[in-house]
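S.K.: Output the structure for:
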Amino acid sequence: MAIAKGFDIDLSDDDESEMDVEDFSADLDEIAELEKKLRESPFEYDTHVALVKLRVKVGNIGKMRESYNRMSETFPLTKELWSLWIMREMAECEDSADVAFISNLYSRANEDYLSVDLLVESCSFHVAMKEQLDAEDVNQKIRDVFEEALMTGGLHLTMGNQIWDRYRNFEETLLESIVDRQAKISEDSEEYATLAKEIASQKQRITSVYRRELSVPLTGLEECADEYKEWSQSQMPDAFRNAMLKSISDRCLCQPHEDALESATSPRYQQYLDYIKFETERGFPARIQCIYERALAENCLQPELWIKYGLWLDTRLKDSKTCLAVYHRAVRNCPWSVSLWSARLMAMERHSKFEEIDPAFRLALQAGFGSGTDYLILWKAYCDVKRRAIAPEAAAASDGAPEDALAAFRSTVQEGVDYMEQWFGSDGDPLCFLLRFWADVEAAVLGNVAKAEDVWREKILVKGRGNSSELWLDFARLARTYLGAEEERKILYQAVQCASDNCAVVCKALLDFEAIRGTLAQLDAAHVRCQAQLDRVEGRKAQADAKVAKVVQADEEQQGQRKAARADKRQQKKGDRLQLLRHKPKPKPDTPIRLPQKRKAEMLTNEDGSAGRATQILPPRKKSLLPGSKSEDGFQVPLLPSTYAEEDRMSPKPAPCASTDTGSPELNRYPEGGITGTLMDMAHASTFTPASTSASTSAEPTN
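M.R.: This is a model prediction of the structure:
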């Protein structure tokens with residue numbers, strides 16, 4: 001196994017060790033399953049990640065590169081994925097071609113996201129592989145790598161000093177090597193003088209690096225100043241000192257925002273927005289770009305942040321390469337955002353990349369937006385680009401004839417209309433947004449009013465859209481602007497006849513038109529036509545309402561019948577339950593009588609000894625002695641019905657009266673002898689039996 005020679009990272013792995021056969025077979029099966037998933041759904045990010053990690057583990061570098069490149073074409077790779085790939089490639093690095101391949105990987109990684117760690121690794125790798133770099137001037141090649149790293153991350157306030165330190169160390173190492181070479185030759189030789197010039201030039205280069213670093217607000221500026229004094233063996237020049245003081249002052253201004261980022265947790269979106277606002281107000285483009293890149297490294301799935309960054313680049317930086325690269329990264333991170341795709345098309349047009357617009361648009365159609373409205377917005381942006389190409393100056397810039405641009409515009413709009421109808425039906429563009437745009441361009445830009453009218457009558461006001469008042473009023477607006485009053489009146493009368501969704505609005509538009517442009521007779525005729533149409537619409541509406549009311553009434557009747565049936569069913573079930581209860585023998589009640597709150601109660605205890613419910617224990621109820629029964633003394637004495645239970649003694653008794661009519665039904669039933677005579681007769685009657693007396697007594701009501 002090859003190891004990257006001279007690099008300060010241990011690149012050895014366990015690929016040469018014997019892999020467990022079962023684990024290897026399981027990994028191959030999982031790889032096959034992941035490949036199948038990607039063939040079915042090529043935009044599954046998690047599947048891509050799992051596959052590349054397995055490829056690295058298995059060790060087939062060809063298949064690993066294929067999987068990584070396929071994922072990189074669709075999605076940007078994170079710092080961790082790039083590091084994993086690069087480290088695996090370093091393990092196989094043997095010659096200058098492999099070094100060039102790894103160098104290209106570092107460049108691709110730095111294009112996705114800002115990562116100071118990867119920038120430092122890239123610089124260290126090129127320094128370590130200096131002997132195997134394929135370049136005429138190896139040192140200049142390494143300097144270019146450092147300069148590119150400084151341009152990308154050298155302004156990072158908290159981590160940028162790492163790149164500057166390595167850059168200075170590289171240059172100082174070169175100086176030492178030149179000094180060592182000079183020490184080995186004679187001072188009188190020509191080579192000695194040449195090396196002396198190189199030493200002076202190298203010292204100037206190192207001094208320049210120190211000066212540039214001290215001019216940037218970074219952490220560790222004080223240490224950098226001390227290192228400069230030690231290296232130069234002299235005091236710092238005033239220009240250096242003033243630049244350092246200015247940088248420290250700027251760093252103090254930025255420090256509150258750095259502290260806010262330090263105390264917050266990722267992704268720290270709001271903290272970055274505040275930081276961006278602060279840097280934008282200060283107006284340093286390089287620092288603004290750096291803080292945008294730092295924010296996007298943690299908030300790459302925020303379309304609003306990409307749009308804000310792109311707008312700043314378009315209006316302030318205006319660098320073609322940077323702008324297009326940012327929009328390309330944006331749509332790879334947020335392919336679902338139609339706003340980013342539209343902005344990318346306009347950026348390509350802005351920077352005259354006309355040949356790239358059509359492929360970018362076709363790729364956007366495969367992004368899988370969430371709704372038909374998003375696709376409509378994309379088609380409108382594409383049609384805008386084609387419309388702007390119609391102008392002679394735009395056609396000249398794109399090396400195309402105006403006739404070709406016009407044909408391309410018309411075919412593009414028609415293609416968009418067909419696309420929306422094919423995939424979304426009538427809901428794709430219900431108000432004919434694209435066709436109305438086409439008609440306006442024909443009339444306003446090209447002056448072809450007849451073509452605009454044909455678009456309206458043959459493409460817009462068809463397929464069930466003729467009853468739309470909004471479309472008819474827009475058609476009337478076009479006629480008012482380009483066709484004249486008579487055509488507008490004609491269109492408004494047709495609108496009154498056809499527009500049924502909001503007839504009152506169309507009638508008002510016609511009456512307003514006649515009030516401004518027409519005679520009294522024309523206004524009267526418009527009133528008659530509008531009133532007749534309103535009456536017809538109202539009649540149709542009343543018929544429709546009657547039908548609806550009839551349906552609702554029938555539905556309510558059905559619901560009432562269902563409710564009545566359910567009520568009858570419940571009543572029947574209730575009656576059946578009551579019937580069962582009547583035939584069921586009732587158990588004797590054994591419930592104790594509750595005491596009033598103020599009466600003394602006796603506590604009962606349960607079988608387990610716990611306290612039971614407080615109840616009043618009453619003496620057993622005395623049985624009433626029936627006529628013919630014996631009392632405790634042995635006498636057989638009949639009893640009155642009013643002497644039953646102990647609690648009945650508290651009820652009032654009627655006073656005895658000498659007359660026969662006592663006014664009480666209980667006393668009027670006895671013979672003229674009164675109660676005493678009745679008792680005497682009952683005691684001496686020979687036909688008296690306890691059974692008959694009991695029956696008669698039980699039948700009488702009690703007081």
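S.K.: Correct me if wrong: A347 contacts L311.
M.R.: No: using C-beta atoms under 8 Å, A347 is not in contact with L311; the gap is 10.1 Å. Quick note: C-beta positions are derived from backbone N, CA and C, even for glycine.
S.K.: Please enumerate the strands of the chain.
M.R.: In the chain, the strands defined using DSSP state E lie at 602-605, 611-615.
S.K.: mean confidence for the longest one?
M.R.: Think strand 611-615. Averaged over strand 611-615, pLDDT sits at 49.
S.K.: my read: R332 touches L77, true?
M.R.: No: checked against C-beta under 8 Å, the pair R332 and L77 is beyond contact range at 10.2 Å.
S.K.: Which one's more surrounded, the two?
M.R.: L77 (21 against 16; other C-beta atoms under 10 Å).
S.K.: How about the contacts made by C507?
M.R.: V496, C530, Q533, L534 (C-beta atoms under 8 Å, 6 or more residues apart in numbering).
S.K.: How much space separates the second one from E442?
M.R.: The one in question is C530. C530 sits 31 Å away from E442, going by C-beta to C-beta, to the nearest Å.
S.K.: Which one's more surrounded, the two?
M.R.: Taking neighbours as other C-beta under 10 Å, C530 and E442 compare with E442 leading, 25 against 21.
S.K.: OK, contacts around that one?
M.R.: N448, V449, K451, A452, V455.
S.K.: And these, which two are furthest apart?
M.R.: V449 and V455 (10.6 Å; C-beta to C-beta).
S.K.: neighbour count winner among those two?
M.R.: V455 (25 against 19).
S.K.: so that one makes contact with A439?
M.R.: Yes: at 4.3 Å, V455 counts as touching A439 under the criterion of C-beta under 8 Å.
S.K.: what stretches of this protein score poorly on pLDDT?
M.R.: 1-21, 392-401, 584-703 (pLDDT under 70).
S.K.: Could you point out the longest helix of it?
M.R.: Assignment by DSSP state H gives helix 520-583 as the longest helix of the chain.
S.K.: which residues of the stretch 301-450 of the chain fall in helices?
M.R.: Listed in chain order, the helices of the stretch 301-450 of the chain (DSSP state H, counting those that start in this stretch) span 303-312, 320-333, 338-350, 357-364, 372-388, 392-397, 402-424, 433-440, 449-455.
S.K.: which residues touch S247?
M.R.: L214, S215, V216, P217, L218, L221.
S.K.: In contact with the closest residue to it other than its chain neighbours, which residues are there?
M.R.: Leaving aside its chain neighbours, S247 sits nearest to P217 (4.6 Å; criterion: C-beta to C-beta, 6 or more residues apart in numbering). Going by C-beta under 8 Å, 6+ apart, P217 touches L157, S247, I248, D250, R251, C254.
S.K.: how does it look with 7 Å?
M.R.: If you count contacts by C-beta atoms under 7 Å, 6 or more residues apart in numbering, P217 has them with L157, S247, D250, R251, C254.
S.K.: Q571 versus the nearest residue in space to V56 that is not next to it in sequence, what's the distance?
M.R.: Spatial nearest neighbour of V56, chain neighbours left out: R88 (5.2 Å); criterion: C-beta to C-beta, 6+ apart. As judged by C-beta to C-beta, R88 and Q571 stand 82 Å apart.
S.K.: Check W85 too.
M.R.: 79 Å.
S.K.: L510 against C530, yeah?
M.R.: Yes: L510 is in contact with C530 according to C-beta atoms under 7 Å; the separation is 6.3 Å.
S.K.: Find residues that contact each of these two.
M.R.: V496.
S.K.: which non-adjacent residue is nearest A343?
M.R.: Nearest-residue entry for A343: G310, 5.6 Å, with adjacent residues in sequence omitted and distances by C-beta to C-beta, 6+ apart.
S.K.: who are the neighbours in contact with that neighbour?
M.R.: Applying C-beta under 7 Å, 6+ apart, the residues near G310 are C323, V326, Y327, A330, A343, A347.
S.K.: do that again at 6 Å, thanks
M.R.: By C-beta atoms under 6 Å, 6 or more residues apart in numbering, the contact set of G310 is V326, Y327, A343.
S.K.: Who has more neighbours out of W85 and Q571?
M.R.: The neighbour comparison of W85 against Q571 (other C-beta under 10 Å) goes to W85, with 25 against 10.
S.K.: Distance of the more buried one relative to F475?
M.R.: From W85 to F475 the distance is 60 Å (C-beta to C-beta).
S.K.: Could you do M71 as well?
M.R.: 51 Å.
S.K.: Equivalent analysis for V445, please.
M.R.: V445 is 18 Å from F475, by C-beta to C-beta.
S.K.: What's the local residue count around the residue nearest to V56?
M.R.: 21.
S.K.: Kindly report the same for Y45.
M.R.: Y45: 10 neighbours (other C-beta under 10 Å).
S.K.: and if you look at E538?
M.R.: Quick note: E538 (other C-beta under 10 Å) scores 11 neighbours.
S.K.: mind listing what it touches?
M.R.: E538 neighbours (C-beta under 6 Å, 6+ apart): none.
S.K.: Please convert the contacts of C507 to TSV, extending it with distance to Y210.
M.R.: Formatted as TSV, these follow (distance: C-beta to C-beta, whole Å):
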residue	distance to Y210
V496	83
C530	86
Q533	87
L534	87
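S.K.: from these, which is closest to G62?
M.R.: V496 (73.6 Å).
S.K.: does the closest one really touch V506, like I thought?
M.R.: Yes: using C-beta atoms under 6 Å, V496 is in contact with V506, at 5.4 Å.
S.K.: Of the two, give the one with the bigger neighbour count.
M.R.: Just comparing V496 and V506: by other C-beta under 10 Å the higher neighbour count belongs to V506, 26 against 23.
S.K.: Would you mind pulling the contact partners of stretch 291-309?
M.R.: Taking C-beta under 6 Å, 6+ apart as the rule, stretch 291-309 contacts 113-114, 266-267, 269, 272, 275-276, 279, 330, 333-334, 337, 339-340.
S.K.: same question but for stretch 29-42, I mixed them up
M.R.: T47, A50, L51, L54.
S.K.: Give the burial count for the closest residue to the last one other than its chain neighbours, as a bare number.
M.R.: It refers to L54. Counting by C-beta to C-beta, 6+ apart, L54 lies nearest to I31, which is 5.3 Å off, once chain neighbours are set aside. Close neighbours of I31, defined as other C-beta under 10 Å, add up to 19.
S.K.: And I31, how close does it get to L77?
M.R.: 19 Å.
S.K.: Quickly note the distance from Q132 to K53.
M.R.: From Q132 over to K53 (counting by C-beta to C-beta), the distance is 29 Å.
S.K.: right, I mislabeled it, should have said T322
M.R.: Taking C-beta to C-beta, one finds T322 at 32 Å from K53.
S.K.: coming back round to it: and of the contacts of stretch 291-309, the nearest to D501?
M.R.: For the contacts of stretch 291-309, the minimum distance to D501 (C-beta to C-beta) is 31.7 Å, reached by S339.
S.K.: contacting residues for the closest one?
M.R.: If you count contacts by C-beta under 6 Å, 6+ apart, then S339 has I307 around it.
S.K.: let's go with 10 Å and repeat that
M.R.: P303, E304, W306, I307, G310, A330, D374, I377, L378, A381 (C-beta atoms under 10 Å, 6 or more residues apart in numbering).
S.K.: The fourth one: neighbour count?
M.R.: In this case it means I307. 18.
S.K.: cool, the last one as well?
M.R.: Residues near A381, counting by other C-beta under 10 Å, number 20.
S.K.: ok, now how distant is the nearest residue in space to it that is not next to it in sequence from N502?
M.R.: Spatially, and ignoring its direct neighbours in sequence, A381 is nearest to S342 (3.8 Å; C-beta to C-beta, 6+ apart). From S342 over to N502 the distance is 32 Å, taken as C-beta to C-beta.
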